[in-house]
Structure formats: C-alpha cells, structure tokens
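In: sharing a sequence plus its predicted fold:
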Amino acid sequence: MNEKGKQNRNVRWLFAIRRYITFFLLMAFVISCCMTLFLNMMTRSTGLSFTKEHIEQAAKVTFLNVIGLSLLCTVIDGIRRKFMVDQPVQKIVKAAEQIMKGDFSVRIPPFHTFGYTNGFDVVADYLNQMAKELSGTETLRTDFIANVSHELKTPLAVIQNYGTMLQQPNLTEEKRMEYARAITDASRRLANLITNILKLNKLENQQIYPSVKTYDLGEQLCECMLSFEGAWEAKDLEIHADVEEDILVDNDAELLALVWNNLFSNAIKFTEPHGKVSLSLKAEDGYAVVQVSDTGCGIPPEIGKHIFEKFYQGDTSHATQGNGLGLAFVKRVIEIIGGDISVSSEVGKGSIFTVKLKKKQEPSNRVLS
C-alpha cells in the first residue's frame, strides 16, 4: 500500500473513532437522564428505596448498554455513509479527475437515494452540464484552430509560390505584374482574415458593447445598399427596394452596418449575372423586419443548419471570395443587440434572410382631459 493509501486508511479510522465517541457521549447523556427521571418517578410513586448495590448494578448494565448501542450506531452510520456519502463522493471525484485530464465525455448517473433527489444529484447534474459545455467549447476550439490553419495556409501558399516565380530571370512585364497582383490579392485576403478573426473574438468575448442611439433604419439600409452599386452593376443585377419610411430604432448603427454589409455582399456574390436582389423593410407588431433576398443558387437544408458557424462555406465555388466568417459576425451581432435572424431558402431559387429588431416606440399623442 502506498503512502497516500495509508494516510486515507488512518483518516478513515480517526473519523470512525470520533463518530463512536460522539455516539457514546450522546447516548450516555440521554440514557443517564432517562434513567434518573425513571428512578425518581418510581421512588415517588411506589415509595421504594434503592440501595447502593442496586444502583451500582444498574449503572454497570446501563454502561454496557451505552457501549453496545454506541458501537451499533457507529456501524450503522458507517454503512450508511459508505453507500449514501462515500460512494457518491468517489464517483464525483473520479469524474472531476477525468475532466481535469481533458476527458469531457464523462457523465455521472443520478443517485436518487430512496427514490428522492438529494444534494449529490444536484452536484452531479451541474458537473454533467459543465462537462457538456466544456466538450462543446473544446470541439469549437479544435475546429476553429483547424479552420484558421487551413485558411492561413491558402494565401500563404499563394504568396510563397508567386514570390518564387517572381525570382525567375527574364520575366516579361506582363507576367511580373500578374504575379505581383496575385501576391497583393493573397496578402489582402490574409489581412482581412486576421482582422475578421480579431473582430469575431471581441464579439464573442463581449469586448464590444453596443453604443445605442436613435436613427432611421431605412436610411441606413439604403446607404449600405448603395455602397455595393459597383458590384451589382458589374453583374448587371436587378435591384428592388421596398423600404417603409420613418422606422426608427434604438441600436448600435456601426454594428448593424456590419450586418447589412454582410447580407448585401452575400446576396450579390451568390446571385448569377442578370439576377435579382431585393431589400424590404416593414414595421410589424412593434418590430422592424428587414428582408434581404436574392435569386441565387439557394441553400440545401443540410447546409442551412450550419451557415452561421465560423468558417463554414456551403458553396465551395465561391470560397475564394470569402473566409466563412461573415454570417458568424452577423449572428453574433444580432445576439448582442437582442434581435433575431432566420433564413429560408430553396435550391435553385434563392435565399431570404430575415432580421427582426425592436422598433422605437413613438410617443403617444393623446391629450388627457
């Protein structure tokens, strides 16, 4: 037996002795009081007097009974503690040790002593929830690192390859400009990726707090849409806008501009030339409802479940135009400002992204009589 095992055994013996002494003193006090009261009542009721020998004999029997009962209670309490305390504690400690080692798959079954939920069940439930959350966080962290590594390798490989090609002698001016342009594009994409990762990290850790102010949502939407005029003209897209006037919101204009820019960018990117992109803003039941729709390729149901995840790109044919962080930004921003976002899509017919925000309530114009 190792040193730790010996120490644990000694501790258990000390606790057993302490429990025995506790039971002995408690029973000695209770039984002595009860016997004294009994003898006094007997003396008063019957007039009998007890001799010294009788009292000594009764005291010896009582003392032996106290010893026996204390031992019995100690054994019963030890068995109770073993099954109702020690075993649950050992299971919880073992599970905690596995979690400390990085095994987040561990789960503690419920104890339910005598059919009732006890304190250990509450501890086990919280520990299971913690393990579940840690497991999800670890999965996200692993996926995030893998995706970041993949996204970083692509532009770095382009820069390295074209940088090597630029070192070739007797390059024509046309080729030199082509290779330099490829390096510039790859480095710009790398810089954008790093910037977006930092922004998303701030959003997820709530290091960015909404700066609330009242403004006209329709004006902001139109301004953001017009900033993509060059992009939609290059693809000869039809733009349709149905924007209600005087819809005010109390929100962070800068964060919401990030949402609209990402939604407009995706709508234009995934719409084929001569397609249609639509913008709608309506007031419904105290909410400002924004819809951005397109006539692009659409999203299959199995892909639609993941489009708000980091680095997820359902359409790999457009992978070079983004890094899969845009909709993750959108989702996180909407969560921070207390809104809601959903998507409906049909393959081959396009997608509709719907954002619901609380509309600023107009002051009442009633005249009190």
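Out: Yep, that arrived.
In: which residues touch stretch 255-263?
Out: 208, 210, 217, 220-221, 224-225, 227, 249, 290, 292, 326-327, 329-330, 333-334, 336-337, 353, 355, 357 (Cβ atoms under 8 Å, 6 or more residues apart in numbering). All C-beta spots, glycine's among them, are computed from the backbone N, C-alpha and C.
In: by mean pLDDT, point me to the weakest helix or strand of the chain.
Out: None of the helices or strands of the chain scores lower by mean pLDDT, DSSP states H and E than helix 301-304, at a mean of 60.
In: just after it, pick out the following helix or strand.
Out: Next along the chain after helix 301-304, taking DSSP states H and E as the criterion, comes helix 326-336.
In: going by contacts, tell me the helices and strands next to that next one.
Out: Packing contacts for helix 326-336, counted by 3 or more Cβ pairs under 8 Å, 6 or more residues apart in numbering; DSSP states H and E, involve helix 173-204, helix 253-269, strand 340-346.
In: repeat the analysis, applying 6 Å as the threshold.
Out: Packing contacts for helix 326-336, counted by 3 or more Cβ pairs under 6 Å, 6 or more residues apart in numbering; DSSP states H and E, involve helix 253-269.
In: what pLDDT does Ala257 get?
Out: Looking at Ala257, its pLDDT stands at 84.
In: next: Asp294.
Out: Reading off the model, Asp294 has pLDDT 92.
In: reduced to three states, what does Gly230 come out as?
Out: helix (DSSP: H, G, I helix; E, B strand; the rest coil).
In: hey, where'd the helices end up in the stretch 51-200 of the chain?
Out: Using DSSP state H, counting those that start in this stretch, the helices found in the stretch 51-200 of the chain span residues 52-81, 87-100, 119-166, 173-204.
In: save those helices as a markdown table, and put in mean neighbour count too.
Out: Formatted as a markdown table, the helices of the stretch 51-200 of the chain follow (neighbours: other Cβ atoms under 10 Å):
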| stretch | mean neighbour count |
| --- | --- |
| helix 52-81 | 13 |
| helix 87-100 | 14 |
| helix 119-166 | 14 |
| helix 173-204 | 14 |
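In: which one, of these, ends up nearest to Cys33?
Out: Closest approach to Cys33 among the helices of the stretch 51-200 of the chain (Cβ to Cβ): helix 52-81, 11.4 Å.
In: what packs against that closest one?
Out: Helices and strands touching helix 52-81, by 3+ Cβ pairs under 6 Å, 6+ apart, are helix 3-46.
In: show me what the helix it packs on is packed up against.
Out: When contacts are defined as 3+ Cβ pairs under 6 Å, 6+ apart, helix 3-46 sits against helix 52-81.
In: off-centre distance for the helix it packs on?
Out: Centroid displacement of helix 52-81 relative to its chain, using Cα atoms, centre = their mean, to the nearest Å, is 57 Å.
In: circling back to that earlier point, in ChimeraX, select just the buried ones from the contacts of stretch 255-263.
Out: In ChimeraX, a selection of the buried entries from the contacts of stretch 255-263 looks like this (16 or more other Cβ atoms under 10 Å):
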select :208,210,217,220,221,224,225,249,290,292,326,327,329,330,333,334,336,337,353,355,357
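In: before we move on, back to that, need the helices of the stretch 51-200 of the chain in TSV with distance to Ile108, can you?
Out: Shown next, in TSV, are the helices of the stretch 51-200 of the chain (distance: least, Cβ to Cβ, whole Å):
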stretch	distance to Ile108
helix 52-81	19
helix 87-100	5
helix 119-166	4
helix 173-204	29
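In: which one of these lies closest to Phe24?
Out: That would be, of those and by Cβ to Cβ, helix 52-81, which comes in at 4.1 Å.
In: measure the residue lying closest to Gln361 once chain neighbours are set aside to Leu221 for me?
Out: Nearest residue to Gln361, sequence neighbours excluded (Cβ to Cβ, 6 or more residues apart in numbering): Gly286, at 7.1 Å. Shown here: Gly286 relative to Leu221, a distance of 19 Å by Cβ to Cβ, to the nearest Å.
In: and Ile76, how far is that from Gln160?
Out: 76 Å.
In: look at Arg107 and say how many residues are nearby.
Out: Around Arg107 there are 11 other residues, counting by other Cβ atoms under 10 Å.
In: you'd agree it is up against Leu127?
Out: No - Arg107 is beyond contact range of Leu127, at 8.7 Å (criterion: Cβ atoms under 6 Å).
In: for stretch 254-268, buried residues please.
Out: 255-268.
In: could you do stretch 281-299 as well?
Out: Under 16+ other Cβ under 10 Å, the buried positions of stretch 281-299 are 281, 287-299.
In: so what touches it?
Out: By Cβ atoms under 6 Å, 6 or more residues apart in numbering, the surrounding residues in contact with stretch 281-299 are 217-218, 221, 243-244, 247, 249, 263, 267, 270-271, 275-280, 345-357, 359.
In: so who does the residue nearest to Gly339 when sequence neighbours are not counted touch?
Out: In space, Gly339 comes closest to Leu357 once its chain neighbours are excluded; the distance is 4.7 Å by Cβ to Cβ, 6+ apart. Residues counted as contacts of Leu357 (Cβ under 6 Å, 6+ apart) are 249, 288, 339.
In: nearest to Gln168 among those residues?
Out: Gly339 (53.3 Å).
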